[in-house]
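*Asks:* Quick one: sequence plus predicted model below, questions after.
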Amino acid sequence: MTTAMLLAKDGAQVAIIESFPLLAPTVRGFRRKGVLFDTGLHYVGGLGDGHPLDVYFKHLGISNHIRKKAYNPCGFDRFLFEKKALSYDIPCGFDKLTSTFTKWFPNEGKSIERYFTAIQQTLDASPFLNFSMDFDLGSAIHSDTTTLEDFLAGITENEELKTLLCYQNLLYGVPPTEALLITHALVAGSYYMSAHTIEGGGNALVKAYEKRLKELNVECFCGNRVESILINDAKEVEGVTLNTGKNLSTRSCIWTAHPHGLIKATPDSAFRPAFKKRLAILEDTTSALMLFGICEEPIESLNGRNIFLWPGGSFDDNLNGRSNQNESIIYLSSTYDKKSKKTAITAITPQPYGPYAQWKDSKRGNRPPEYVEHKKNVLETFKQEIFRRAPELQGSIEFIDGATPLTLKDYCATPTGSLYGLKHSVNQFNPAPITKVSGLTIAGQGIVAPGILGAIVSAYLTCGILIGHDHLHKELRQHA
Amino acid sequence: MTDLEAIQLTNELLAEEFELELDQMKPEALFKEDLELDSLDAVDMVIVLEQAFNFKIKKDEAFKKIRSLGNLHDFVLDKKNEHPTAVSNT
């Protein structure tokens, strides 16, 4: 949607092809029993005044259509070490973070300073987040391959501190052993700047996008799938064929779906075997179980903050499907729904896709009874686990629905229900925004970084290739 | 694997994965000018070689300096000799 807006703003005639019946199914959320549930936004980093996401939204003309709501700046995340019964409220702002962490870990002052300095330096060095930097295409290529784990091992031996400095790996789904420090800096760093939600959640954001797309005359073909991209012998894009048989003529196609689908949608001769094999072996981030609940009254501990229940163990085991449910991290988040005057609760825990693969060909609303039974059992166990580990919530939340990796596979349109699409990992090369086919480019959270900010940055990078980076960057600076 | 076998394997892999002819695989062949392989192909090449020879290239600055097939042969042989236990996966 961001790429469509940027190109339409530049005068291009743009169409979006979306296989789901509505745009942005994951971020849009859903309503049950009159209550709106936020499934894909929860909270975003860098939306404070003048921060990167704020600048992007202003440039896109989105800001006027949304109302941002700050998370608690003194503790936007509460991280609970369950075994030690210790909890930490993570504040916003680099100075505040450094002083708060130093108060918590007085013997680790130097390590803490090194960590936050490294994060800040990474953010400052990116022209996509620091608009005063001159644009440089090279900065979009992550040449530093230091892993988060190696970096943390080099600054401290304190395991508790390490956990607190790296728990945001859950927001991009790659454990510290594989995560690049640079990816961590881009994601965690944006939350360190500022943490917000949007009034009305992801649904309000999608509606703001829809409004702007309409204003910019972008045509949306929802419920349509690109069956094939038409490429001529000179390896130039000529159009796309939809699953309805309709042909749309174009010289430029931006693929923003999961990169695995690109090979199926292009003629065999479009790419060399090496590229096709490379795309085919790219690994995805983990999937999850989600529970959605309703509270009549807001829950104080979740007001303007999320809670992470950490039972100990390793992020690797959590994110690679090796943890039992009672050893898995649980993320809790709440949103107030103005319309129903009720609070919607979302609980998420990592869950591997493997056991669900047997039902991959079943359709939403028509799953086999074995799956329905499995879903019921696994969500009931998850619910019991939440109440066991956060007993104060018992009696105040009524869980009314849930999602499994199979649900996420459909809504996120990822082959294995991954929450964040492709892994940004030291072990793999994600696709570049340009391809060997003239007129065929790629954008989305698999390219630069995951999440809403990551997908937006990727859109600016790809559109910059098409309409000029300096031109886009100059416009962004006017809003910074 | 002998050095000659490693060079042969490199040539065969490049020919297969990048749709080149084996007779183009001369040490003096320049990637950009003669084989028409660019920086996008270089990333694919890293993966092809890593999988075939079971060594890591990603962090290696020397790879970025490769301009000709002969340079690549030297690079592969150096890596192979650095990691004598690396086994060909082909």
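*Replies:* Received, thanks. Numbering: from 1, shown residues only, chains lettered A, B, ... in the order given.

*Asks:* Only C-alpha atoms from now on, for both contacts and neighbour counts.
*Replies:* Will do.

*Asks:* residues in contact with stretch A:365-381?
*Replies:* With contacts defined as CA atoms under 8 Å, 6 or more residues apart in numbering or on different chains, stretch A:365-381 is touched by A:289, A:291, A:359, A:362, A:402, A:404.

*Asks:* Which strands and helices lie in contact with the helix or strand bottoming out on mean pLDDT in chain B?
*Replies:* Least confident helix or strand, chain B: helix B:61-64 with a mean of 84, by mean pLDDT, DSSP states H and E. With contacts taken as 3 or more CA pairs under 8 Å, 6 or more residues apart in numbering or on different chains; DSSP states H and E, helix B:61-64 sits against helix B:69-82.

*Asks:* Phi, psi for the closest residue to chain A within chain B please.
*Replies:* In chain B, no residue comes nearer to chain A than B:Glu17, which is 4.7 Å away by CA to the nearest CA. Main-chain dihedrals, B:Glu17, degrees, to the nearest 10: phi -80, psi -20.

*Asks:* Same question for B:Leu35.
*Replies:* phi -100, psi -10.

*Asks:* can you pull the contacts of it?
*Replies:* So B:Leu35 contacts B:20, B:24, B:29 (CA under 8 Å, 6+ apart).

*Asks:* per-residue pLDDT, the nearest residue to the second one once chain neighbours are set aside?
*Replies:* Spelled out, it's B:Gln24. Residue nearest to B:Gln24 in three dimensions, not counting chain neighbours: B:Leu35, with 7.5 Å by CA to CA, 6 or more residues apart in numbering or on different chains. Here the pLDDT value assigned to B:Leu35 is 94.

*Asks:* Repeat that for B:Ser88.
*Replies:* B:Ser88 is given a pLDDT of 59.

*Asks:* before we move on, what about A:Ile141?
*Replies:* Reported pLDDT for A:Ile141: 58.

*Asks:* and chain A, which residues reach chain B?
*Replies:* A:145, A:272-275, A:278, A:429, A:432, A:435-436 (CA under 8 Å from any CA of the partner chain).

*Asks:* tell me which element residue 16 is part of?
*Replies:* In the absence of a named chain, chain A is used. Here A:Ile16, judged by DSSP states H and E, is contained in strand A:15-18.

*Asks:* try chain B instead
*Replies:* Per DSSP H and E: helix B:3-17 holds B:Glu16.

*Asks:* Compute the inter-axis angle for that helix and helix B:69-82.
*Replies:* Angular relation of helix B:3-17 and helix B:69-82 on a 0 to 180 degree scale: 120 degrees, by axes from the mean of the first three to the mean of the last three CA atoms, to 10 degrees.

*Asks:* Quick one: list the elements packing against helix B:3-17.
*Replies:* Using 3+ CA pairs under 8 Å, 6+ apart, helix B:3-17 sits against helix A:273-280, helix B:39-53, helix B:69-82.

*Asks:* How much space separates the closest residue to A:Asp144 other than its chain neighbours from A:Ile66?
*Replies:* Closest residue in space to A:Asp144, ignoring its immediate chain neighbours: A:Ile182 at 7.3 Å, by CA to CA, 6+ apart. Shown here: A:Ile182 relative to A:Ile66, a distance of 30 Å by CA to CA, to the nearest Å.

*Asks:* same question, A:Glu199
*Replies:* According to CA to CA, A:Glu199 stands 7 Å off from A:Ile66.

*Asks:* Alongside chain A, which residues does chain B contribute?
*Replies:* B:16-19, B:40-41, B:43-45, B:47-48, B:59.

*Asks:* do that again at 7 Å, thanks
*Replies:* Selection of chain B residues close to chain A by CA under 7 Å from any CA of the partner chain yields B:17-19, B:44, B:48, B:59.

*Asks:* re the thing from before, for A:Ile182 and A:Ile66, indicate the residue with more neighbours.
*Replies:* A:Ile182 (23 against 18; other CA atoms under 10 Å in any protein chain shown).

*Asks:* just curious, which of the contacts of stretch A:365-381 is nearest to chain B?
*Replies:* A:Trp359 (31.7 Å).

*Asks:* contacting residues around A:Asp401?
*Replies:* The contact partners of A:Asp401, by CA atoms under 7 Å, 6 or more residues apart in numbering or on different chains, come to A:291-292.

*Asks:* how about the helix or strand hosting it: buried residues?
*Replies:* Following DSSP H and E, one finds A:Asp401 within strand A:398-403. By neighbour count on 16 or more other CA atoms under 10 Å in any protein chain shown, the buried set for strand A:398-403 is A:398-399, A:402-403.

*Asks:* model confidence over the next helix or strand after it, on average?
*Replies:* On the C-terminal side of strand A:398-403, the nearest following helix or strand under DSSP H and E is helix A:405-412. Taken as a whole, helix A:405-412 carries a mean pLDDT of 92.

*Asks:* Quick one: residues in contact with helix A:405-412.
*Replies:* By CA under 7 Å, 6+ apart, the residues outside helix A:405-412 that reach it are A:25-26, A:287-289, A:353, A:356, A:360, A:415-418.

*Asks:* Now flag whichever of those is closest to B:Arg67.
*Replies:* Ranked by distance to B:Arg67 (CA to CA), the contacts of helix A:405-412 are led by A:Pro415 at 37.6 Å.

*Asks:* Which residue, other than its chain neighbours, is closest to that closest one?
*Replies:* Here the residue nearest A:Pro415, using CA to CA, 6+ apart, is A:Lys409, at 6.0 Å.

*Asks:* could you pull out the strands for the stretch 201-350 of chain A?
*Replies:* A:219-222, A:226-231, A:237-242, A:247-249, A:253-255, A:287-295, A:306-310, A:330-337, A:342-351 (DSSP state E, counting those that start in this stretch).
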